[in-house]
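Novice: structure, please.
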Amino acid sequence: MTAVDIDIRGIEGFLFGGAEDSERATGCTVVVCPAGAVAGVDVRGGGPATRETDLLSPDRRIERIHAVVLSGGSAFGLEAASGVMEYLEGRGIGYDTSAARIPIVCGASLFDLIVGDARARPDRTMGRAACEQAFSGGHLREGNFGAGTGATVGKYLGPARMMKSGLGFAAVRVEDVKVGAVVAVNAVGDVHDPDTGEIIAGMLSNDGAVISGMADEIYAAVKSGRDALTGGKDDVVADGMDGISRNTTLVCVVTNVEMTKPQVCRMATVAHDGIARAVRPAHTSADGDAVFAMASGYVKADADAVSCIAADMAAAAIKRAALAAEPAYGLVSARSFR
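Specialist: Model prediction:
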């Protein structure tokens, strides 16, 4: 059967929106399922900033959630999810209790405070604005938008050699099955084309003229015994980054397939393969890599097959995020070399 690329907004049950402060380099992206989606999560990075991930474990009572929020702003950016809750409550969306409808909103944030204004963080107002765009069917934009507004990659030896990255989407249809991914790429590593292995964006050479990649630096760190994540450089710590321990690739994979909670949690786990194919290194102690998965339950299909497609979509969306990013904030992007 042939997979056909589709607009991610064509996946039944889901709405997508975003909002950003382009001048100060931060933003958020929301994935909403008004009727509720069975959801799971797998967090593999060593430095995550997350909200409501515990309730996604298969043994927790809540089966369905109503939104996932990906945001900048580090842990401060988790506040955007409160704005999403307020907006959804206003539309009567949420888990029905005797006292109120409570929207179940999960989320994760990436660290973009070194790019623009460190005092600018996604907040309740921005979360509501992202929801308004989702419900109005607003134009989805890749690159320097939403959670990808201040995203960067290639920070293995510090910010002086990093490049601009961004937000990406990818989705396919195979017969009646639809699977997609939304990603915000803010990795310590390089972004590689998952098909060819080519480095698309990442650590620059000392003079900034080419994308040098970091494989040689990793092996040199092993040989020399220096700290692999700082390159043994005190000035990396001194520049305010606390080493380079503030990075994250955030992913939300979605499908119209009917799944149980254990199956959708497994889909989140398998989708991490997409990060590993497209980002190297990935899942380090300096990253907060997290994958959310949501299933709206419109059609039946083999859950393992759908999970494999989700990994492909995560990798494809990461590639698109890097290629769509525009040079900004004094940083070059993949477009600068193409």
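
Novice: now the strands for the stretch 51-200 of the chain?
Specialist: 64-71, 95-96, 101-102, 105-109, 152-153, 163-164, 167-174, 177-186, 190-192, 199-201 (DSSP state E, counting those that start in this stretch).

Novice: and these as CSV, adding distance to Arg266 and mean neighbour count?
Specialist: Just so you know, the C-beta spots here come from the backbone N, C-alpha and C atoms, and that holds for glycine as well. Converted to CSV, the strands of the stretch 51-200 of the chain look like this (distance: least, CB to CB, whole Å; neighbours: other CB atoms under 10 Å):
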stretch, distance to Arg266, mean neighbour count
strand 64-71, 17, 30
strand 95-96, 24, 12
strand 101-102, 27, 15
strand 105-109, 17, 29
strand 152-153, 28, 30
strand 163-164, 33, 27
strand 167-174, 19, 23
strand 177-186, 14, 31
strand 190-192, 25, 25
strand 199-201, 29, 26
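
Novice: my guess is Phe111 meets Ser74, correct?
Specialist: Yes - counting by CB atoms under 8 Å, Ser74 is a contact partner of Phe111 at 4.6 Å.

Novice: who has more neighbours out of these two?
Specialist: Phe111 (27 against 20; other CB atoms under 10 Å).

Novice: count of residues packed around Arg60?
Specialist: 10.

Novice: leaving out chain neighbours, which residue sits closest to it?
Specialist: Counting by CB to CB, 6 or more residues apart in numbering, Arg60 lies nearest to Asp54, which is 6.8 Å off, once chain neighbours are set aside.

Novice: I figured that neighbour hits Arg61, correct?
Specialist: No - counting by CB under 8 Å, Asp54 does not reach Arg61; the two are 11.3 Å apart.

Novice: most centrally placed residue in the protein?
Specialist: Centroid check for the chain by CA atoms, centre = their mean gives Leu250 as the closest residue, at 2.2 Å.

Novice: neighbours around Thr335, how many?
Specialist: For residue 335 the amino acid is Arg, not Thr. Count around Arg335 with other CB under 10 Å applied: 15.

Novice: for Arg91, that is, sorry about that
Specialist: Applying other CB under 10 Å, we find 13 residues neighbouring Arg91.

Novice: tell me the contacts of it?
Specialist: 34, 135 (CB atoms under 8 Å, 6 or more residues apart in numbering).

Novice: what helix or strand is Ala301 located in?
Specialist: Remark: Ala301 resides in no helix or strand, with elements defined by DSSP states H and E.

Novice: state the mean pLDDT of the longest strand along the chain.
Specialist: Across the chain, the longest stretch assigned as strand under DSSP state E is strand 26-43. For strand 26-43, mean pLDDT rounds to 97.

Novice: partners of it in the sheet?
Specialist: Next to strand 26-43 in the sheet, as set by DSSP bridges, lie strand 15-21 (antiparallel), strand 64-71 (antiparallel), strand 290-299 (antiparallel).

Novice: that strand vs strand 177-186, what angle?
Specialist: Strand 26-43 runs at 120 degrees relative to strand 177-186, counting by axes from the mean of the first three to the mean of the last three CA atoms, to 10 degrees.

Novice: ok now strand 26-43, how far from the chain's centre?
Specialist: Averaging C-alpha positions (CA atoms, centre = their mean, to the nearest Å) puts strand 26-43 11 Å from its chain's average.

Novice: returning to that earlier point: between Asp54 and Arg61, which one's more packed in?
Specialist: Neighbours were tallied for Asp54 and for Arg61 using other CB under 10 Å; the higher tally belongs to Asp54 (11 against 5).

Novice: what separation do you get for the nearest residue to Arg161 once chain neighbours are set aside and Met163?
Specialist: For Arg161, ignoring the flanking residues on the chain, the nearest one in space by CB to CB, 6+ apart is Leu204 at 4.4 Å. When distances are taken as CB to CB, to the nearest Å, Leu204 and Met163 turn out to be 6 Å apart.

Novice: before we move on, what about Gly45?
Specialist: Distance of Gly45 to Met163, computed by CB to CB: 20 Å.

Novice: is it true that the residue nearest to the centre of the chain touches Ala290?
Specialist: Yes - using CB under 8 Å, Leu250 makes contact with Ala290 at a distance of 5.8 Å.

Novice: a strand runs through Asn256, doesn't it?
Specialist: Yes - counting by DSSP: H, G, I helix; E, B strand; the rest coil, Asn256 falls inside a strand.

Novice: burial measure for it, as a count.
Specialist: 23.

Novice: and it, what does it touch?
Specialist: Taking CB under 8 Å, 6+ apart as the test, what Asn256 contacts is 11-13, 176-178, 295-299.

Novice: make a ChimeraX selection of the buried ones in the residues you listed.
Specialist: Filtering the contacts of Asn256 down to the buried ones (16 or more other CB atoms under 10 Å) takes a single ChimeraX command:
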select :11,13,177,178,295,296,297
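
Novice: so what sits against both of Leu250 and Ala290?
Specialist: Here Leu250 and Ala290 have Ala108 as joint contacts, going by CB under 8 Å, 6+ apart.

Novice: quick one: mean pLDDT for stretch 164-180?
Specialist: If you average the pLDDT values across stretch 164-180, you get 97.
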